[in-house]
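Engineer: Pasted the sequence and its predicted model underneath.
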Amino acid sequence: MSEETSEAASWVHRHIIRAIAAALALLTLLPAGASPAEAQTLDRVTRGEPFRIGYRHFAPPYSYAAANGQPSGYIVDLCREVADGVKRALKLQTLPIEYVKVTASDRFEAVRDGRIDILCEPTSMTMSRRGLVDFSLPTFLDGAGVVTRGTPVKGLEDLKGKKVGVLKGTTTEETLRSTLGQMRITADIVAVADHPDGLRQLADGKLDAYFGDRGILNYLIINSPYGTKLSLSDQYFTFETYALALPRGDQSFRLLVDTTLADLYRTERIRDIYARSFGKFPPDQFLNALFIINGVPK
């Protein structure tokens with residue numbers, strides 16, 4: 001390994017560890033003025049009402065509708081584990097589950113307004129979002145990358161004067177705009193409705209690059225009919241810590257969710273769940289560290 005490569009690897013390691021530490025710090029902070037949720041989740045399902053899981057139509061491999069129409073994906077599977085935990089904790093004979101489709105633009109309002117009990121998709125934890133929702137223990141660690149036709153970009157400077165697509169209403173869009181502005185890189189940023197549309201426009205030459213979460217982009221490229229035309233950069237341009245979004249102030253429910261996740265992280269079961277969505281590709285050292293750090297004892 002060259003000295004330059006070693007320094008780059010060290011930089012990525014330091015920043016991902018900082019991202020994990022920042023995520024843990026977020027979890028220790030209650031939002032100012034937090035109050036009990038109007039409809040406590042556990043009380044509601046005890047009365048026989050359904051447990052409502054919010055999912056995205058197309059955010060694979062984390063949250064999406066499979067070919068048979070059923071909600072699928074790594075984070076959806078985690079939420080099914082939460083549902084089983086709720087059923088056991090409340091000693092319910094049955095727990096009906098209702099799957100509610102959400103979008104990138106209305107997902108947090110769906111939690112805040114009580115349309116769903118838990119948001120099961122690649123949700124990045126931020127302080128501003130804590131004004132609307134609470135968050136569980138982290139579920140995944142990812143980062144943004146850039147897809148291009150042909151040769152991958154080596155840095156954001158390569159985007160100068162280019163037309164760059166990004167998913168509308170996401171932290172990835174906010175980061176792209178702010179970072180390019182800080183670096184004084186002029187680019188035409190195009191907000192798109194979904195990732196497949198963005199990659200389709202890229203393959204058709206309507207975009208020069210597409211910016212998004214690496215896990216999702218890698219999955220789409222592998223399973224895309226035009227994947228051979230596209231290249232994903234090796235570099236991480238952001239670090240995103242995912243978590244399940246929950247109603248603010250519903251502390252009993254949040255504790256049960258965190259207990260379920262911590263129990264999974266302490267056992268090999270989390271690797272079985274991971275393998276359903278990611279196949280033969282094992283968790284990397286950073287995701288393994290996330291499991292270890294958040295496998296909180298009982």
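Structural biologist: Done, it's in.
Engineer: State the helix or strand in which residue 82 lies.
Structural biologist: Following DSSP states H and E, one finds residue 82 within helix 74-89.
Engineer: can you list contacts of whichever helix or strand comes after that helix?
Structural biologist: Note on helix 74-89: by DSSP H and E, the next helix or strand toward the C-terminus is strand 97-102. With contact meaning Cβ atoms under 8 Å, 6 or more residues apart in numbering, strand 97-102 is reached by 50-57, 65, 71, 80, 83, 110, 115-116, 119, 121. In short, each C-beta sits where N, CA and C put it, glycine included.
Engineer: Show me these that map onto strands.
Structural biologist: Among the contacts of strand 97-102, the residues falling in strands (DSSP state E) are 51, 52, 53, 54, 55, 56, 65, 71, 119.
Engineer: now, which of those sits nearest residue 253?
Structural biologist: Distances from residue 253 to these, taken as Cβ to Cβ, are shortest for residue 51 (10.2 Å).
Engineer: Run a quick neighbour tally on that closest one.
Structural biologist: The burial count assigned to residue 51 is 23, neighbours taken as other Cβ atoms under 10 Å.
Engineer: Could you pull up the residues touching it?
Structural biologist: Taking Cβ under 8 Å, 6+ apart, we find residue 51 in contact with 41, 45, 83, 86, 95, 96, 97, 98, 117, 118.
Engineer: In TSV: those, plus neighbour count.
Structural biologist: TSV is the format used below for these (neighbours: other Cβ atoms under 10 Å):
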residue	neighbour count
41	23
45	22
83	19
86	23
95	17
96	12
97	17
98	12
117	32
118	25
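Engineer: out of the residues you listed, who's nearest residue 227?
Structural biologist: residue 118 (32.4 Å).
Engineer: now the closest one: how far from residue 145?
Structural biologist: Distance, residue 118 to residue 145, by Cβ to Cβ, to the nearest Å: 28 Å.
Engineer: quick one: the strands in this protein?
Structural biologist: If DSSP E is used as the criterion, the strands of the chain fall at 51-56, 58-59, 63-65, 71-72, 97-102, 118-119, 134-142, 144-149, 163-167, 188-192, 209-213, 230-232, 240-246.
Engineer: packing partners for the last one?
Structural biologist: I take that to be strand 240-246. helix 3-27, helix 74-89, helix 107-112, strand 118-119, strand 134-142, helix 251-265 (3 or more Cβ pairs under 8 Å, 6 or more residues apart in numbering; DSSP states H and E).
Engineer: Can you get me a residue count around the closest residue to residue 66 other than its chain neighbours?
Structural biologist: Once flanking residues are discounted, residue 66 sits nearest to residue 72: 4.2 Å by Cβ to Cβ, 6 or more residues apart in numbering. Residue 72 is flanked by 19 other residues according to other Cβ under 10 Å.
Engineer: and the residue nearest the centre of the chain, what is it in contact with?
Structural biologist: Centroid-nearest residue in the chain: residue 122, 1.9 Å away (criterion: Cα atoms, centre = their mean). Going by Cβ under 8 Å, 6+ apart, residue 122 touches 56, 59, 62, 63, 75, 140, 142, 213, 215, 216, 240, 242.
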